[in-house]
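*Asks:* Fold the following and give me the result.
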Amino acid sequence: MSAKQKSPLMIGWGSADLTPQEQPVILQGQFYARVSEGVMDPLTVTALALESVEPDAPVALIIVSCDLISIPDALRDGVAAKVKSRVPELDGAGIVLSGTHTHTGPGMNTSAKPVREGGSLRGWPGVDLPVADGETYLRFAIDRVASAVESAWSNRTPGTIGYGLGHAVVGYNRRLAYENGESRMYGNANDPHFSHVEGYEDHSLNLMATWNASDELTGVVVNVACPSQVSEHLFQISADYWHDTRLELRRRLGPDLFVLPQCAAAGDQSPRPMVGKAAEERMQRLMEGDMRRDIAIRIASAVEAVLPVIATEKIADPTLGHRTETVALTRRMLSARDVEEARAEVETWRNRYQALKEDLEAHPEKREASRWYIDISIAYRRMNWFKQVEERYALERTDPRIPVQIQALRIGDIAFATNPFELYLDFGIRIRARSPAVQTFTVQLSGPGSYLPTARAAAGGSYGAVPPSTPVGPEGGAELVEHTLEMIRSLWPEP
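*Replies:* Okay, here's the model as predicted:
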């Protein structure tokens, strides 16, 4: 079937390098500080601009993906202001930012009020380190993301879109449940008390592709339910498996292809299989590959299989729409026992931090050792992680809800639904199952990225489901689902 012709859809792509340019940075994603020790592969921001040219109701949508762990509010608001100043006609456009959740990208933590002392940074690590502070990188990132948006907008030309569904095994549920009712993130399956993997795994690959007026493929939006965490413990800057995936897709589909990755709801997912690890490692050895390369091949093969099919139904006149709302979600309600347990942990880690600090002061030569700061940064971060439990307990009485920004986009029969969390997969499945769209892309990490667990995960415990890591609990997750569905439905007024 040829593309339906009506009023043309304007499509533009842009990208920019997000790799820190000068000083080392603290890599975000673990409890211990990691000062970057070079660049394994570049970080990228990719932007897609879509504009309907209906004279009575023009609509502009901007979809942006960043090789970052998440999107702090300061980055989101800074990009909006910068884009408004550079491209005034985009004021009011639906601009969606999301992170791929690489654990080897720079942090932008400005809440810790880092202090510069003699060329070094004293902030959340609890010690002075010779790195760029978060605000310096934040300003750099705002400029680069805004540049990518501006480029995408200025490059728009008439084109068509296509969409489809493929499958690629990328994410696995990383929480294992045991016979005593407890769950553990990255638990041991080779345990006589191991019962089952806690939750669902989603191997769907949601794909949207764009072509120009000459019928040339220009870019793809690839949405999978898995964060980019293969290289999560490294001390080098890296875009993780999305770097390998970009290279593989461009090798197969063209060197100039734009690739915009998105992480669907995947707060309990990981690219690391929890069962059958020995068999997985053996096959990688036999195939002379590695996990990042394997994932890239799986994603590229799924995209390559779907593209010829969806190319038969290219769409030149999709209905565009967007809604952005700030919704108030119920906090995870804490108990006096939660506070008591957290206080004990705070004291334990405070003592540990103080002892390490005094040891460093007494033996400054220890700073000459490689990565000397790891242990003290763990103690400092753990202390503050548990400390927030009591702070949140006090807030429950006066402010029992947390405001968060969510967005819904319509592109023809496709819906995009964003949230700021590491949202457990079950909530994303609920949204997809009940959405009026033919195909729904859930997009997590469009904000700071705290965990939002299911009720069974909260009951099972462990990191990612315990009070310190979950400001919003299962009740708030159910509210998020309903708010999101209401927004999507409002963009589909027809039955």
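
*Asks:* Could you give the separation of the top helix by length along the chain from the chain centroid?
*Replies:* In the chain, assigned by DSSP state H, the helix with the most residues is helix 336-362. The chain centre lies 31 Å from the centre of helix 336-362; the measure is CA atoms, centre = their mean, to the nearest Å.

*Asks:* Packing partners of it?
*Replies:* Helices and strands touching helix 336-362, by 3 or more CB pairs under 8 Å, 6 or more residues apart in numbering; DSSP states H and E, are helix 374-398. The way it works is simple: take the backbone N, C-alpha and C, and place the C-beta from them, glycine included.

*Asks:* So what touches the helix it packs on?
*Replies:* With contact meaning CB atoms under 8 Å, 6 or more residues apart in numbering, helix 374-398 is reached by 31-33, 124-127, 331, 333-334, 338-339, 342-343, 345-346, 349-350, 352-353, 356-357, 360, 467-469, 471.

*Asks:* partner residues bridging Ala60?
*Replies:* Glu51 (DSSP bridges).

*Asks:* Tell me the spacing between it and Met10.
*Replies:* Noted for Ala60: a distance of 9 Å to Met10, by CB to CB, to the nearest Å.

*Asks:* shared neighbours of these two, anything?
*Replies:* 49-51.

*Asks:* Thought Met208 was touching Thr414, still the case?
*Replies:* Rather than Thr, residue 414 is Ile. Yes. Ile414 is within contact range of Met208, at 6.3 Å (criterion: CB atoms under 8 Å).

*Asks:* Who has more neighbours out of these two?
*Replies:* Between Ile414 and Met208, counted using other CB atoms under 10 Å, Met208 has the larger neighbour count: 25 against 20.

*Asks:* Just after the helix or strand where the more buried one lies, pick out the following helix or strand.
*Replies:* For Met208, the host element (DSSP states H and E) is strand 204-212. Reading on from strand 204-212 to the C-terminus, the next helix or strand found by DSSP H and E is strand 217-224.

*Asks:* The next helix or strand after that next one - contacts with which helices or strands?
*Replies:* Once the chain leaves strand 217-224, the next helix or strand it forms, by DSSP H and E, is helix 241-253. If contacts are counted by 3+ CB pairs under 8 Å, 6+ apart, helix 241-253 sits against strand 217-224, strand 258-263, helix 291-310.

*Asks:* Let me see the mean pLDDT of the shortest one.
*Replies:* Think strand 258-263. Average pLDDT, strand 258-263: 98.

*Asks:* now the longest one
*Replies:* Averaged across helix 291-310, the pLDDT comes to 97.

*Asks:* What of stretch 487-495?
*Replies:* The model assigns stretch 487-495 a mean pLDDT of 88.

*Asks:* cool, and stretch 165-177?
*Replies:* In the prediction, stretch 165-177 has an average pLDDT of 97.

*Asks:* Run the chain-centre distance for it.
*Replies:* The answer for stretch 165-177 is 16 Å, by CA atoms, centre = their mean.

*Asks:* For that stretch, could you pull out the residues that count as buried?
*Replies:* 166, 168-177 (16 or more other CB atoms under 10 Å).
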